[in-house]
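Colleague: need a 3D model of the following:
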Amino acid sequence: MDKATLTVFFDGTFWSGVFERTEDGKLSACRVVFGAEPRDAEVWDFVLRNYSRLRFGPAVDAPPERPASNPKRLRREARRQAEKSGVGTKSQQALNLQREAAKTERQSKSREQKLSEKERKYALRREKQKQKHRGK
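Modeller: Purely as a prediction, here's the structure:
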């Protein structure tokens, strides 16, 4: 693993965290909802216990990294970025890809269940008709 970051933010109702993982120039993300405002120790404990179980979405091309600059400037840029939005654009793309993949999987499972149920009901109806035809 090249690099992993966690951004914790308040999304209006809950405190959420976005894990961003960069491997081989590809960025994948995972969103976690904490609920109430987590303390630093709780976040650290969550990372240590649950990082291996997180389900990261499909990877997208990562933006090129900028060289390190003045720490004051970095702090100002981080504050501006946090005011703008809590989640980076690439992370949002990765999360959207993950959400879409889950949606299509859910739709296909639902479609298969509906078809199997329809076939089962048809078979029951045919069996009932045969029984009536036999006079039972």
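Colleague: can you show me the helices along this protein?
Modeller: Counting by DSSP state H, the chain has helices at residues 40-50, 71-84, 89-134.
Colleague: in JSON lines: those helices, plus distance to Ser28 and mean neighbour count.
Modeller: Heads up, the C-betas are built off the backbone N, CA and C, glycines and all. JSON lines is the format used below for the helices of the chain (distance: least, Cβ to Cβ, whole Å; neighbours: other Cβ atoms under 10 Å):
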{"stretch": "helix 40-50", "distance to Ser28": "16", "mean neighbour count": "12"}
{"stretch": "helix 71-84", "distance to Ser28": "20", "mean neighbour count": "10"}
{"stretch": "helix 89-134", "distance to Ser28": "5", "mean neighbour count": "12"}
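Colleague: nearest to Pro64, out of those helices?
Modeller: helix 89-134 (11.3 Å; Cβ to Cβ).
Colleague: need the mean per-residue confidence for the closest one.
Modeller: Average pLDDT, helix 89-134: 91.
Colleague: so which of the helices of the chain gets nearest Arg21?
Modeller: Among these, helix 89-134 sits nearest to Arg21 (Cβ to Cβ), with 9.3 Å.
Colleague: give the other helices and strands that that closest one contacts.
Modeller: With contacts defined as 3 or more Cβ pairs under 8 Å, 6 or more residues apart in numbering; DSSP states H and E, helix 89-134 has these neighbours: strand 15-23, strand 26-35, strand 60-61.
Colleague: that helix to strand 15-23, inter-axis angle?
Modeller: Angle of helix 89-134 versus strand 15-23, following axes from the mean of the first three to the mean of the last three Cα atoms, to 10 degrees, is 100 degrees.
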